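>>> The following block contains a protein sequence and its predicted model.
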Amino acid sequence: METFLTDAASKPVLYRDLRHQWAALFAAERNALANAANLSALLYAALPDLNWVGFYFLQDGELVLGPFQGKVACVRIAIGKGVCGTAAQRRDTLLVADVHAFPGHIACDAASQSEIVVPLLQGERLWGVLDLDSPRLSRFDADDAAGLETCAADFLASSDLARFFGRF
């Protein structure tokens, strides 16, 4: 799938259409690892101007790399470190227009210029984060945050994380 956004007004429509696609992916599958792999591939193929999409899952008090699309990535990120660790610590979506201006940014890919990180929360339980990077400054906005927060909520509702990651 290839998608091109012509203006910001197209984003809500794009995320609405993508929601139908990820819902179809999750419809017959509860395996969290399979759903994370397919979702990262879908988002990477469908959203423009990305160079990385993936998951970090909380294990033993740190974020550990999960399924992703893009160049090789940092394997472990401490809570409170970098954009991912800060979003996990704050339990809030972080939009970073210029990652090089973010204190403590962890540069896995020097091409990354902006980033959005959505915590994977079920009630008070933090499972990890969904992370998207772009080689373009200010790539992400409130429409992306809303669309990706819905995406994360649907992923959590459709995946049996307790079975797969519950021991961590």
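Now that the structure is in, tell me what you want to look at.
>>> Next, give phi and psi for the closest residue to Asp160 other than its chain neighbours.
Leaving out its chain neighbours, the residue that sits closest to Asp160 by Cβ to Cβ, 6 or more residues apart in numbering is Arg30, at 4.5 Å. Any C-beta I mention is one placed from the backbone N, CA and C, and that applies to glycine too. Phi and psi for Arg30, reported as degrees, to the nearest 10, are phi -110, psi -10.
>>> and what of Ala111?
phi -70, psi -20.
>>> Next one: the closest residue to it other than its chain neighbours from Gln69, what distance?
Nearest residue to Ala111 in three dimensions, chain neighbours excluded: Pro135, at 4.6 Å (Cβ to Cβ, 6+ apart). Distance of Pro135 to Gln69, given as Cβ to Cβ, to the nearest Å: 14 Å.
>>> so where's this protein shaky on pLDDT?
1-9, 166-168 (pLDDT under 70).
>>> Go ahead and flag the most central residue of it.
In the chain, the centroid-proximal residue (Cα atoms, centre = their mean) is Leu130; its distance is 2.3 Å.
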